[in-house]
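Enquirer: Would you be able to build a 3D model of this:
(2 chains)
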Number of protein chains: 2
Amino acid sequence: MGIEGLLYPRSAALIGASPKEGKLGNVLFKNMASFPGRFYPVNPKYGEIGGVRCYPSVSALPEVPDMAVVIIPADPALRVIEECGRVGIKNVVVITAGFKESGPEGAMRERRLVEIAERYGINVLGPNCFGLISTEAGLNATFAVRGALPGNIAFLSQSGAFCTSVLDWAWKEKLGFSHFVSLGNKAVLNEAHFLRPFAEDPDTKVIVAYLEGISDGGAFIRIAREVVKTTPIVILKAGRTEAGARAVSSHTGTLAGSDAAYEAAFRKCGVIRARNVEELFDYAYALAKQPAPKGRRVGVMTNAGGAGVMASDAVEEHGLELARFSEDTAVELGKFLPPAANIYNPVDVLGDAHLDRYKKALDLVIDDPNVDMVVSLSAPAPLISFAELARAVAEAMRRSGKPITVSFMAGELGEEAEEVLREAGIPSYFDPSRAVRALAVLRRYAEIKGKVWEEPRDLAADRERVREIFARALAAGKAQLGVEALDVLAAYGIPVPPGGLARTPEEAEGIAERIGDPVVLKLVSPDLVHKTEVGGVVLGVPAREAGRRAEEMLTRASAHFPRARIEGVLVQRQMPPGQELILGSTRDPQFGPLVMVGFGGIFVEVLRDVAFGIAPLSPGEAREMVASMRGYAILRGVRGRPGVDVEGVVAALERVSHLVHDFPEIVELDVNPLLAYPDGVVAVDLRITLSKGER
Amino acid sequence: MGIEGLLYPRSAALIGASPKEGKLGNVLFKNMASFPGRFYPVNPKYGEIGGVRCYPSVSALPEVPDMAVVIIPADPALRVIEECGRVGIKNVVVITAGFKESGPEGAMRERRLVEIAERYGINVLGPNCFGLISTEAGLNATFAVRGALPGNIAFLSQSGAFCTSVLDWAWKEKLGFSHFVSLGNKAVLNEAHFLRPFAEDPDTKVIVAYLEGISDGGAFIRIAREVVKTTPIVILKAGRTEAGARAVSSHTGTLAGSDAAYEAAFRKCGVIRARNVEELFDYAYALAKQPAPKGRRVGVMTNAGGAGVMASDAVEEHGLELARFSEDTAVELGKFLPPAANIYNPVDVLGDAHLDRYKKALDLVIDDPNVDMVVSLSAPAPLISFAELARAVAEAMRRSGKPITVSFMAGELGEEAEEVLREAGIPSYFDPSRAVRALAVLRRYAEIKGKVWEEPRDLAADRERVREIFARALAAGKAQLGVEALDVLAAYGIPVPPGGLARTPEEAEGIAERIGDPVVLKLVSPDLVHKTEVGGVVLGVPAREAGRRAEEMLTRASAHFPRARIEGVLVQRQMPPGQELILGSTRDPQFGPLVMVGFGGIFVEVLRDVAFGIAPLSPGEAREMVASMRGYAILRGVRGRPGVDVEGVVAALERVSHLVHDFPEIVELDVNPLLAYPDGVVAVDLRITLSKGER
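Expert: Here you go, the predicted structure:
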């Protein structure tokens, strides 16, 4: 059921309310006392607190409140939450600590909490959280001394301390929030549960989250994909690097997914990733306040050359482009700007400009059809006050409907202007590059918003055949499959070389003669993984020698490795040299099967030219992954070198992604190499690791 | 002569002083009136200004002042500057505009200014500049209403507007400067002239510059290399990207060097590059205030898990590492920290910590011999005031002598702490990643400071031979040399395949028989550049067929290209396949010959795996360039693939760098490919473009 009662309660109980100064129950009481809805303090010790009637238990309340906040110690808290369930309270915020974060005993408590929540269908926020604020409902159910200013940012945080930090800082910055939610241990409610309600909230323009992990990767991706169509999501996922990830596990016990998985997941659902706190809130503010640009062309307005140069650098660095004005604009600018001014982008009206000159130029620039957005720069100048310039900028934005950000490079001289710009919702920074970065995130979201999110295809595949192969392997105690299992790929429509498994030299010769010269012989043994190193691979064998060479191989193998299980020799047509690629898959704890495509051989080893995605992939996603490799042009063909069948590579990647998605027992998979030719691709070798337990 | 008189004047004249409110001459007068040295306003119209005696001309002054500031219009300014020269004033600041920046007439004026300066040996700052401030001398010779706070940062700017911006902003941030210099048009004095005087100034701890170009690349590199041994240099070089560079040329007319050249130049002399204004001043502040760390190991102190995770992410991102504490530290921390705390790095003393707990842990961490520097984090916590924590941090820094930066994640709650930290010179930011970045720049400078700057070797080379080849080519009207000029490389000790130029089929056969099978034939014609496309390259020719095949080639060429000059056929031993590399050089307007090494073939085309350096290279510099390529491991050998003679590659690069340095007439040079083998390298093909005019 929904969490509207949590985000927009009309009635709320506080379990553990206290009249004693300095106690948490008192801080919460004072914060919740200003709630405009019906407020019920609960504490058997008091009949009233601060003039508000206090109830001995939730059962004694005159109504079933929309939500309850729990701050009593963990063990009694569990009993009271059960009572909440019995009386029908559907939303409970558990601020109380002493659960999973505190050791094995706490973890047991948390399991009981989850049981209770499931039994009664309670939406539990927390435990071990900082609470939540809904400025729309007028509720501050946190122990923050001050709540939050109203605003358009919905904020989620997995760190309670970060909540207190952000709140204190936001007051200073005058940053407002629609909702402010501390997720705590995420025993029941996690980040995914809040996305849709936030997107449906007309007051929320952007969703911002600090996360150390994502609880339910599949649900998150599914929901986020829908949500970003209307509301941008910006996430600071901490524990990004190896060092950071170590800190995560010691902090919240979250099993952080590998960063490649998060990157791939966020890309798959259009989440914008912030690398640090500054980016998180710069992005949030711009997205909350500014319209979406129609393209990537930036008009740069300045009265100081240096600022224009810095902004131009940033335009290119952030993947935007300097607008080329229509001819009219340059002509019009030329009519009134002094000769030393620059009438091309960046437009420099010079330091001696008065307001009219800057404003007239700004209006021409922002109205130019080739300009999608504007960054307005100014150094302190004798004839312009920053405040009046700020008003002109705000007016230009309102009139044009185009995004605009500002860098007024000043200190105290710019303070009044800061107020004007804040009022107008215009991002403003001392550093021109930061103002441009804010434009870049607007463009990025515009692209996400406009994206058609393709679903994976319904792929025909001989799943029964794969099931058989895996069942046979597991029945024989084999968790490692090798080249002999290429049929698994064939069953998914991925081309493999003609060939077959020969149990005897005679069979080998028969197969070789059927498929034709030359062939490759590969020893098949679950116990001998590194085939090449034990002489288990012979190349370039003429068909008529296949029997003899297979016999030699088998004899040598059983002589050297008497205890190894030898299943036979795979006879395969030898493929001509092609572009070596690798397809792979590994299983991510949060997001499930993560697939990879990369250049094979030394490319993969040294240059790590690989791309990751979350399975199953749509054809478009597979294509984007392939195209994102640095060496993509090599696949397309460069300098007279012919390209390869890129669509064949894309299809093979897509099909592998379906395979690993359909069969969760595939723990790891490597197709190495996949050979790509101008007219097709062939998977030549394979390794699969199966989990023994699953299915 | 030195510029001490400019930076530390004991007497100063202001030419163009005015009593009229609102005039520039009045603003300057007021600013300079507080100069503690002897101050001489000059203006024939006034006998005194504001009670200060005013002189009719510089000739009438009672002494020759150490410096003069000129603010009268450009044409009279030239006359007065000449007068300054005659009376012996050695330092003149020309604030006056109307020079190079204003068109052809101004450019002519600027040339006259330079002539005067040279004739009289005057150090001219500007023209078209904002002036300069020396807080040490108590001089504000700018038109800024407020000067600068005293401090340890020496600031240079090529943009006058940026000067006004930074001054205003610095007041708000309470950032102080030792010197503050606006370079203007850099007609005489440029950035390089200020580096050594700043480094010799005991009050200057860091040199910071905003530049759009560097006037004298060679001098800059030479001086900066010396200076960074004692004083860090941080530069924001704007016009970095293509878009930005376009804005530069329209702004100051600076011919901006390519960014690769600036990157290479700054690396060559240990200049730290800031990418934007925020980095520029973050770096400046840290370097001005904090000691150098001994290593790259960071101790992270926090009372909030999330902040610790973010800082750990940043540690890795910025190339630092999380310290592993000595065993003692963990044991000692374990003695008093609660069980839920983290005693390993990052140390989390938990949100309920009082000051003693945080301080005790901080002291243990910063004293750990495995900790080179510390970042101290805190979210708002009930039992610690930020201000008292700030004092503890400042004390730990003073006691330990190790660098420390802070992220107190708060707003108003942290304001008093900000004051304490500023007082102590401790960088402090809301964003933990920014605090870590400040540590990273300290480490970076420590490495630069500790670096042994190797000089280029005195290389034996047959320069006479190269001179001959070039002279002969130019005499024949050839500016393009090809494979026939491989002797140029051989003269510098770079191995080339055996072979020679055959003018006739018979000669071709003779050469082929001498060097042995198989050979390659390459048509030599200054008019046919793309040899392969006109059938001008034949591979794998047996020696006995060399004559016939050469004849075919010559006949075909003269038939198809009757007007092309055909010089003959180069007969070369065909080299076996090896790792293809490319060596190249181009001439940068600021820094001269820029050399390049990269992977050949599709690597260079697609992956741009190349490195740049400024010639001549020392062996160490050449080695660093080679090692900086992404694919370097391929040269060293990976996965059983043998490596190549890396030292041979390094030597070839070093030698090419000497060649292009010794012969400035080489405009461009490509050795493509240089084939690298396990036991050596061979330059197989060459293109050189000579400038016809030079030498």
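Enquirer: Check chain A for its longest helix and report it.
Expert: For chain A, the longest helix by residue count, based on DSSP state H, is helix A:432-450.
Enquirer: Any chance you could give me that helix in CSV, C-alpha atoms only?
Expert: In CSV, the C-alpha atoms belonging to helix A:432-450 read as follows (Å, rounded to 0.1, in the frame of the first residue of the first chain):
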residue,chain,number,x,y,z
PRO,A,432,32.1,30.6,-14.2
SER,A,433,32.8,26.9,-14.8
ARG,A,434,30.4,26.0,-12.0
ALA,A,435,27.7,28.1,-13.6
VAL,A,436,28.3,26.3,-16.9
ARG,A,437,28.2,22.9,-15.2
ALA,A,438,24.7,23.7,-13.9
LEU,A,439,23.6,24.3,-17.5
ALA,A,440,25.2,21.0,-18.5
VAL,A,441,23.1,19.0,-16.0
LEU,A,442,19.9,20.7,-17.4
ARG,A,443,20.9,19.5,-20.8
ARG,A,444,21.7,16.1,-19.5
TYR,A,445,18.2,15.8,-18.0
ALA,A,446,16.5,17.1,-21.1
GLU,A,447,18.2,14.2,-23.0
ILE,A,448,17.1,11.7,-20.4
LYS,A,449,13.6,13.0,-20.4
GLY,A,450,13.4,12.9,-24.2
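Enquirer: so what secondary structure elements neighbour it?
Expert: strand A:272-273, helix A:277-289, helix A:305-317, strand A:373-378, strand A:404-408, helix B:277-289 (3 or more CB pairs under 8 Å, 6 or more residues apart in numbering or on different chains; DSSP states H and E). To be clear about C-beta, it is placed using only N, CA and C from the backbone, and glycine gets the same treatment.
Enquirer: need the ones you listed in a markdown table with mean pLDDT and distance to residue B:109, can you?
Expert: Listed next are those as a markdown table, based on pLDDT from 0 to 100; distance: least, CB to CB, whole Å:
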| stretch | mean pLDDT | distance to residue B:109 |
| --- | --- | --- |
| strand A:272-273 | 98 | 52 |
| helix A:277-289 | 97 | 45 |
| helix A:305-317 | 95 | 20 |
| strand A:373-378 | 98 | 29 |
| strand A:404-408 | 98 | 33 |
| helix B:277-289 | 97 | 32 |
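Enquirer: nearest to residue A:590, of those?
Expert: Evaluated with CB to CB, those place strand A:272-273 nearest to residue A:590, the distance being 15.0 Å.
Enquirer: Which residue lies nearest the spatial centre of chain A?
Expert: residue A:266 (2.2 Å; CA atoms, centre = their mean).
Enquirer: what does the helix or strand where that one lies contact?
Expert: For residue A:266, the host element (DSSP states H and E) is helix A:259-269. Residues outside helix A:259-269 that contact it (CB atoms under 8 Å, 6 or more residues apart in numbering or on different chains) are A:214, A:217, A:220-222, A:224-225, A:228, A:235, A:237, A:240-241, A:245, A:257, A:271-273, A:588, A:590-591, A:594, A:612-614, A:621.
Enquirer: Would you format the helices and strands packed on helix A:432-450 as TSV with mean neighbour count included?
Expert: TSV is the format used below for these (neighbours: other CB atoms under 10 Å in any protein chain shown):
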stretch	mean neighbour count
strand A:272-273	19
helix A:277-289	24
helix A:305-317	29
strand A:373-378	28
strand A:404-408	30
helix B:277-289	24
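Enquirer: Out of those, the one nearest residue B:323 is which?
Expert: Per CB to CB, nearest to residue B:323 of the helices and strands packed on helix A:432-450: helix B:277-289, 18.8 Å.
Enquirer: Which SSE is immediately downstream of the closest one?
Expert: Counting by DSSP H and E, what follows helix B:277-289 is strand B:297-302.
Enquirer: so what secondary structure elements neighbour that following strand?
Expert: Using 3+ CB pairs under 8 Å, 6+ apart: strand B:297-302 touches helix B:305-317, strand B:321-322, strand B:347-348, helix B:355-367, strand B:373-378.
Enquirer: looking only at pLDDT, what's the mean for that strand?
Expert: Averaging pLDDT along strand B:297-302 yields 98.
Enquirer: cool, and stretch A:474-492?
Expert: Here the average pLDDT along stretch A:474-492 is 92.
Enquirer: and what of stretch A:330-345?
Expert: The model assigns stretch A:330-345 a mean pLDDT of 93.
Enquirer: next one: stretch A:226-245
Expert: pLDDT averaged over stretch A:226-245 gives 86.
Enquirer: just how off-centre is it within its chain?
Expert: Remark: stretch A:226-245 is offset 5 Å from the chain centroid, using CA atoms, centre = their mean, to the nearest Å.
Enquirer: same thing with stretch A:562-580?
Expert: Averaged C-alpha coordinates place stretch A:562-580 at 40 Å from its chain's average position (CA atoms, centre = their mean).
Enquirer: same question, stretch A:424-444
Expert: For stretch A:424-444, the distance to the chain centre is 22 Å (CA atoms, centre = their mean).
Enquirer: what's the answer for stretch A:536-549, then?
Expert: 50 Å.
Enquirer: Check stretch A:554-572 too.
Expert: Per CA atoms, centre = their mean, the centroid offset for stretch A:554-572 relative to its chain is 47 Å.
Enquirer: and it, which residues are buried?
Expert: By 16 or more other CB atoms under 10 Å in any protein chain shown, the buried positions in stretch A:554-572 come out as A:554, A:557, A:561, A:566-572.
Enquirer: And the furthest pair within those?
Expert: Longest span within the buried residues of stretch A:554-572, CB to CB: A:561 and A:572, 21.7 Å.
Enquirer: Quick check: what element follows the longest helix of chain A along the chain?
Expert: Counting by DSSP H and E, what follows helix A:432-450 is helix A:463-475.
Enquirer: Which neighbouring elements make contact with that next one?
Expert: helix A:486-491, helix A:646-662, strand A:686-690.
Enquirer: 6 Å - rerun?
Expert: The criterion is 3 or more CB pairs under 6 Å, 6 or more residues apart in numbering or on different chains; DSSP states H and E, and the helices and strands that helix A:463-475 contacts are helix A:486-491.
Enquirer: now residue A:202, what's its secondary structure?
Expert: Three-state assignment for residue A:202 (DSSP: H, G, I helix; E, B strand; the rest coil): coil.
Enquirer: meant to ask about residue A:208
Expert: Using three-state DSSP, the structure places residue A:208 in strand.
Enquirer: Touching, it and residue A:284? I think so.
Expert: Yes. In this structure residue A:208 lies within contact range of residue A:284 using CB atoms under 6 Å: 4.5 Å.
Enquirer: Take the buried residues of stretch A:554-572 and lay them out in TSV including distance to chain B, secondary structure and pLDDT.
Expert: Shown next, in TSV, are the buried residues of stretch A:554-572 (distance: CB to the nearest CB, whole Å; DSSP: H, G, I helix; E, B strand; the rest coil; pLDDT from 0 to 100):
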residue	distance to chain B	secondary structure	pLDDT
A:554	26	helix	88
A:557	22	helix	85
A:561	22	coil	84
A:566	25	coil	86
A:567	27	coil	87
A:568	27	strand	90
A:569	24	strand	92
A:570	23	strand	92
A:571	26	strand	94
A:572	22	strand	93
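Enquirer: can you map out the strands along the stretch 451-600 of chain A?
Expert: A:480-481, A:499-502, A:519-524, A:537-541, A:568-573, A:579-588, A:592-599 (DSSP state E, counting those that start in this stretch).
Enquirer: In ChimeraX, how would I select the buried members of the contacts of helix A:259-269?
Expert: One line in ChimeraX is enough to select the buried members of the contacts of helix A:259-269, burial here meaning 16+ other CB under 10 Å:
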select /A:214,217,220,221,224,225,228,235,237,240,241,245,257,271,272,273,588,590,591,594,612,613,614,621
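Enquirer: From the contacts of helix A:259-269, which land in helices?
Expert: Short answer: the contacts of helix A:259-269 in helices (DSSP H) are A:217, A:220-222, A:224-225, A:245, A:621.
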